[in-house]
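Visitor: Sequence and predicted model, in that order:
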Number of protein chains: 2
Amino acid sequence: MKLGDGHRMTPQRREVYEVLMEHPDHPTATDVFMRVKERMPAISLATVYNCLDTLSGAGFIIQVNVDREPSRYCGNLAPHGHFHCEKCGTVLDVQLKEGVQASKAVKLPRGAVVERFEVAVRGYCPQCVRKQKIESSRSA
Amino acid sequence: MKLGDGHRMTPQRREVYEVLMEHPDHPTATDVFMRVKERMPAISLATVYNCLDTLSGAGFIIQVNVDREPSRYCGNLAPHGHFHCEKCGTVLDVQLKEGVQASKAVKLPRGAVVERFEVAVRGYCPQCVRKQKIESSRSA
DNA sequence: TCCTTATCAATAATTATTCTAAATAAAATT
DNA sequence: AATTTTATTTAGAATAATTATTGATAAGGA
Ligand SMILES: [Mn+2]
Ligand SMILES: [Mn+2]
Ligand SMILES: [Zn+2]
Ligand SMILES: [Zn+2]
């Protein structure tokens, strides 16, 4: 993996990247920090932030924002949307259906240039919905 | 306008709401603060935050998040997406084309319950694109 | 009226993130 | 190889947006 721009693939960057690939669960910077620390105890949170920034700047990973919550990071480079569970906080990749793209989905102002298109769905994940149902049936 | 829940429509809340309706340009909390302050010099930024929170909690306005930037607020309750200009920071409402809704646009995990569906487009607004073109043609 | 709840504004605190500065390391140049 | 330059890491300080706390004030209901 080359980073370009005179950026080097350092051990820290490699670990950060590996961790993201091993567990594609959209961890936060702090999550990544804790995971990398297991194998590289001397690493600092600031370095993890730097690595995540460099890697996303170079296009190897994507920064995913969930409202005002801490940013999460995603190694899936295919176009996709995100589902955020409001109960348990899980973030899942969701595939965009065929033909769902900026120019098709919204009426863009004439002359605008599109750089990015984001689709986010918020709600309750199947697991949380199931639990909720069980609880409400018990109290009924 | 009733807020429900025992929440009152106070003068501060009314001003905050009015300001949002007068200029539907997706102002930040600080923008709203500055605008309200003109007519209500004693108001504090914290109160503006409280009002924005109460109003969005009650569903009268929508909190719009632009990456990690400060939240913006929108009085347009119709379903719509947002276009963010990466050059000048403008946030524009964009209409969703017919049939663009969560269940149609993405392959949701089976059993998930949708609460919200957000579409964001990032890029350069027509004005910035025009300026850019003029500049590049001048230097060419 | 008395009691409860809601609100406001000031300020402190929190949180995520970025910046600073010194130390280290790799790459490029001599 | 030695020197110079550039990139990187780290710890800790700083920042910016937002939230929580608190004490004072104001409604609303019994
Ligand atoms: Mn993803
Ligand atoms: Mn809007
Ligand atoms: Zn869940
Ligand atoms: Zn613009």
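Guide: Ah, there it is. Ligands and ions are numbered 1, 2, ... in the order given.
Visitor: do the longest strand seen in chain A and chain B meet at all?
Guide: Using DSSP state E, we find that the single longest strand of chain A is strand A:113-124. Yes - counting by C-beta under 8 Å from any C-beta of the partner chain, contacts between strand A:113-124 and chain B involve A:Val113, A:Val114, A:Glu115, A:Arg116, A:Phe117, A:Glu118, A:Val119, A:Ala120, A:Val121, A:Arg122, A:Gly123, A:Tyr124. In short, each C-beta sits where N, CA and C put it, glycine included.
Visitor: Who are the contact partners of the residue of chain A found nearest ligand 4?
Guide: Residue of chain A nearest ligand 4, by C-beta to the ion: A:Ala112 (8.8 Å). With contact set as C-beta atoms under 8 Å, 6 or more residues apart in numbering or on different chains, A:Ala112 has these partners: B:Phe83, B:Val121, B:Gly123, B:Tyr124, B:Cys125, B:Pro126, B:Val129.
Visitor: Weed out the non-buried ones from these.
Guide: Among the contacts of A:Ala112, the ones that count as buried by 16 or more other C-beta atoms under 10 Å in any protein chain shown are B:Phe83, B:Val121, B:Gly123, B:Tyr124, B:Cys125, B:Val129.
Visitor: A:Glu115 is in contact with the third one, correct?
Guide: I take that to be B:Gly123. Yes - shown here, B:Gly123 and A:Glu115 form a contact pair, counting by C-beta atoms under 8 Å, at 4.2 Å.
Visitor: who touches both of these two?
Guide: In contact with both B:Gly123 and A:Glu115: B:Glu86, using C-beta under 8 Å, 6+ apart.
Visitor: Tell me the buried residues in the lowest-mean-pLDDT helix or strand in chain A?
Guide: Every helix and strand in chain A was compared by mean pLDDT, DSSP states H and E; the lowest is helix A:102-105, with a mean of 80. Of the residues in helix A:102-105, those buried by neighbour count under the rule 16+ other C-beta under 10 Å are A:Ala102, A:Ala105.
Visitor: Following the chain onward from that helix, which element is next?
Guide: Going down the chain from helix A:102-105, the next helix or strand is strand A:106-107, by DSSP states H and E.
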